Every structure is written in C-alpha cells, then in structure tokens.
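> Quick one: sequence plus predicted model below, questions after.
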Amino acid sequence: MKTTSKLLTLLILSASTAATTAVINKFVKLSASSKNILADAKSLCYKWRFGNIHYTKSGTGKPLLLIHDLTACSNGYEWSSMISLLKEQYTVYTIDLLGCGRSEKPDLTYTNYLYVQMISDFIKSEIGHRTNVIATGGSSALALMACNNSPELFDQIMLINPESLMMCSQIPNNHSKIYKFILDLPILGTLLYHISVSRQSITEEFTRNYYFNPYSIKNSIIDAYYESAHLGDSPKSLYASVKCNYTKCNVTNALKKINNSIYITGGQEMDHINDIIMEYQRYNPAIESSLVSKSKYLPQLENPTSLYQLIQMYFL
C-alpha cells in the first residue's frame, strides 16, 4: 500500500508540474505578442510550398532583397532603419524567413537546403528579375549557396558579419541530436526555449554582442525581437535546428565557383571580423570589403547611415 501511495503521489505531482509548466508556456507566448509590434498593414504573403512567407515591398528601381540573420528572434524588422534610405533608389524587399517573424513556423527540422530553395523560389516567384542581395550573419552562407546553385537569379551580393568558414561547416553530432530531441519535447522543450529567448536573454545578446554602444538600444527593438520569437505554431523548431547545426552549410566550394561580385562588411568593433574577411578572400580573392564604424553585429540598426553609404558605393 505504501508503494502504491507513493507512486500515486508522484504521479499527481508530475501531472501538476506538467500542467503548471504548460500554463506558464502559454502565458509567456501570449504576453510576448501582446504589443503587436510586427503588425504591418502593407505586408505581403508568398505562398510557398512549406509555408506562407511574410515579406514587404517598397520603393522603385532595381530590386534589392534584404535577408535577416538566421535566429529564432530575427525577422525583417532588422532592416526597419534601412528601408527609408534605400527605397528612393531600389525596389526593396524584406523577407521573414520560414520559421521567423510573421512567416509560418511549421514543426519541422529546418535545414540549409530548405532555405537555399526558399531564397531561390522567392526571387523567381515574387521578384522575377536578377537581384542584388544583402544577407546578415547566419543567412550569409545560405545566400552564397543559393547564388552558386542559381547564379542567373543574383547580381551583386553583400554579406554583413558572415560566420567564419569553420562555423559554417559544423554539422549535427550525437550531442546536438540529443539536445534537439529534448527541445522537441512539448512541455519541457518549450520551457527551455522560452528561457533561452526571454526578454532578458535577448537584451543581454544585444548588449554584449549585437551593439557597440548598448545605450543606443531602443526598447522597441527588443520588443520586436521578443515578439518574433514567440509568434507562430512552433517557433522553437527553428531554434532547435539552428542550435544543433542543421542550418549550417560549408561554402568553401561555392566561394571558389561564384563569379558574382561579393562584398563583405561588418561592424568595426566585431571580434575577428578582419580574420573572417581574409578567410573568405582566401577562397575568392575578388571579394571586396570595408567596415562600418561605431557598430558591431547589426550595423543596419546601430549605424544605418554609414551602412547606407557603403551600399551606395558598392551597388553602383
């Protein structure tokens, strides 16, 4: 009887803990999106085969596709300070990648091939012309691979703070596969995800890694990233895929083959940015580069005017 009583008590406690955690997860999701910062009356929808893709289009001129960084918090808001500067000269497209922002977030494993296909399909379907592309961080390798596969869709390419070639070439191992299994669990995995993308965690990421001057970070930016991380059916699926290296792709062979003009820029205060640029130039000596002063990982948000001047110089 004692054993039965203990098991029953344990079962009740476990069920109560699970129910409480589920309620907490639901509350976090609802509160994060309550400000509705990413709502856009002018938003457009590309009905892709794996899910609807949110994007914006503004301005006139040669097409320019802006691709945000590849994290669970990232979205087209990354370019909010650049659009008004660029739309006088370009038809500017900003896209929320599948699993990001206001695009659909299906429960699947996100891979580099998925995004390479998505970028190419989007250009074919929604732009319809060769386009200049600017990509940030983890999305830089995806843009290069898409260009290598379909060079006729791309014109000039600018990479902002691309990952090192060693980072790009990482692949899932046994440890990462176990971690992904845990993250995919309905209640525990969701709780771990919410801890990882809490408002405090996002603020710390901006303060330590994204901005050179932490005092210039606006609350609206943190709110936008926090909201983005909690929208959709399964926002944690992209987080798990990125964290466990399913979205990485080795671009060294692509760098050797690409004939399109490539320009690399980054924040002047980014650690090892000059070493990373030299890595890329080792495989493609034609790559040009320069740095944006008074900025770090996201110069498009921290110092948009200086980045705009570089864009004008490069995209002649």
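Now that the structure is in, tell me what you want to look at. Numbers count the residues shown, from 1 in each chain.
> ranges for the helices of the stretch 151-300 of the chain?
Applying DSSP state H, counting those that start in this stretch to the stretch 151-300 of the chain gives helices spanning 165-168, 174-183, 188-196, 199-205, 219-228, 235-243, 252-257, 273-283, 299-302.
> Could you identify the helix or strand that succeeds the last one?
Per DSSP states H and E, the first helix or strand lying C-terminal to helix 299-302 is helix 304-314.
> could you dump that following helix to PDB, C-alpha only?
Output of helix 304-314 as PDB, limited to C-alpha atoms (Å, rounded to 0.1, in the frame of the first residue of the first chain):
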ATOM      1  CA  PRO A 304      22.300  52.700 -40.700                       C
ATOM      2  CA  THR A 305      23.600  55.900 -42.300                       C
ATOM      3  CA  SER A 306      27.100  54.600 -42.500                       C
ATOM      4  CA  LEU A 307      26.000  51.200 -43.900                       C
ATOM      5  CA  TYR A 308      23.800  53.000 -46.500                       C
ATOM      6  CA  GLN A 309      26.900  54.900 -47.700                       C
ATOM      7  CA  LEU A 310      28.700  51.600 -48.200                       C
ATOM      8  CA  ILE A 311      25.700  50.200 -50.100                       C
ATOM      9  CA  GLN A 312      25.700  53.200 -52.400                       C
ATOM     10  CA  MET A 313      29.400  52.800 -53.100                       C
ATOM     11  CA  TYR A 314      29.100  49.000 -53.800                       C
END
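> Just give me how far that helix sits from the chain centre.
21 Å (C-alpha atoms, centre = their mean, to the nearest Å).
> Over to stretch 294-310?
17 Å.
> Next one: the most centrally placed residue in the chain from Tyr110, what distance?
The residue lying closest to the centre of the chain (C-alpha atoms, centre = their mean) is Leu70, at 2.2 Å. According to C-beta to C-beta, to the nearest Å, Leu70 stands 9 Å off from Tyr110. All C-beta atoms are positioned from the backbone trio N, CA, C, and that covers glycine.
> repeat for Leu97
For Leu97, the distance to Tyr110 - C-beta to C-beta - is 9 Å.
> Contacts only, for the residue nearest to Asn250 when sequence neighbours are not counted.
Nearest non-adjacent residue to Asn250, counting by C-beta to C-beta, 6 or more residues apart in numbering: Ser169, 4.1 Å away. Contact analysis of Ser169 by C-beta atoms under 8 Å, 6 or more residues apart in numbering lists 248-250, 252.
> Could you pick out the buried ones from the residues you listed?
Neighbour-count burial (16 or more other C-beta atoms under 10 Å) applied to the contacts of Ser169 gives 248-250.
> Dump the residues you listed to a markdown table, plus distance to Pro63.
Listed next are the buried ones among the contacts of Ser169 as a markdown table, based on distance: C-beta to C-beta, whole Å:
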| residue | distance to Pro63 |
| --- | --- |
| Lys248 | 28 |
| Cys249 | 24 |
| Asn250 | 28 |
